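**Q** Next comes the sequence, and after it the predicted model I'd like to discuss.
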Amino acid sequence: DAKTTQPTSMDCAEGRAANLPCNHSTISGNEYVYWYRQIHSQGPQYIIHGLKNNETNEMASLIITEDRKSSTLILPHATLRDTAVYYCIVRVDQAGTALIFGKGTTLSVSS
Amino acid sequence: DVKVTQSSRYLVKRTGEKVFLECVQDMDHENMFWYRQDPGLGLRLIYFSYDVKMKEKGDIPEGYSVSREKKERFSLILESASTNQTSMYLCASSVPGHRSSRYGEQYFGPGTRLTVT
């Protein structure tokens, strides 16, 4: 699976958009970009995934650059409950392989 | 909403005890997984199952076994608990792979923090 690089930490004011970047310059053509988050002492939570098109769901938007070497997760109106560690994962879609979580980005949302 | 539940949030066991961790999902998912999470090591896959009575070893199966007698339930068994099995254990489930790009869309339970003394 391709390696990802994320900033260690980010801050965001409540109500503002949180834009979390991820670099995956060695991504292969058949690898998807997944985003998860983990709130302290809870299990990871799936957020969104995409291959090359931008994606949006009720939680977030995922913007993938045209060359697919980087992506941005956007939380449009961050709340205090969005404070968590956010993980960008790049992987081929196949059974029996673990999700490999790197160090992620610690997002702190403050009022 | 997908719900994955685990039998205990916190568990304390003694060295040598047999430990059962239970996981139940209510979304009729065929794939289920057991991970452990340790500081600095991230999530590591212990076992997974893609159907009832089917199981496959993950990256670190030593010292563990699993049981999947019903589709909704996946149990992790520590045959003889040791102190190096003190960890956070996470169960997850996902939809079948024939729905494209869904293997990576996994839904996790709240975790069981196991301490072996």
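**A** In hand now; what should we look at?

**Q** remind me which residues of chain A are low pLDDT?
**A** Counting by pLDDT under 70, the ranges of chain A that qualify are A:1-2, A:95-98.

**Q** at 90 instead, please
**A** Residues of chain A that meet the criterion pLDDT under 90 lie in A:1-3, A:29-31, A:40-42, A:53, A:91-103.

**Q** and the residue nearest the centre of chain A, what element?
**A** Against the mean C-alpha coordinate of chain A, by Cα atoms, centre = their mean, the closest residue is A:Trp35 at 3.4 Å. Under the criterion of DSSP states H and E, A:Trp35 resides in strand A:31-38.

**Q** What number of residues are in the vicinity of A:Gly15?
**A** 11 (other Cβ atoms under 10 Å in any protein chain shown). Every residue, glycine included, has its C-beta placed from N, CA and C.

**Q** Name the nearest residue to it, ignoring sequence neighbours.
**A** Leaving out its chain neighbours, the residue that sits closest to A:Gly15 by Cβ to Cβ, 6 or more residues apart in numbering or on different chains is A:His77, at 5.7 Å.

**Q** And the residue lying closest to B:Val19 once chain neighbours are set aside, how close does it get to chain A?
**A** Among residues not flanking B:Val19 along the chain, B:Leu78 sits closest, at 4.0 Å (Cβ to Cβ, 6+ apart). When distance is defined by Cβ to the nearest Cβ, to the nearest Å, B:Leu78 is 19 Å away from chain A.

**Q** Quickly list what B:Leu78 is bridged to.
**A** For B:Leu78, the beta-bridge partners are B:Val19, B:Tyr64 (DSSP bridges).

**Q** what about it, neighbour count?
**A** 19.

**Q** Find the nearest non-adjacent residue to A:Asn57, please.
**A** Per Cβ to Cβ, 6+ apart, closest to A:Asn57 is A:Ile48, 5.5 Å.

**Q** Let's verify the one you found: helix, strand, or coil?
**A** Here A:Ile48 is recorded as strand under DSSP: H, G, I helix; E, B strand; the rest coil.

**Q** No further questions, thank you.
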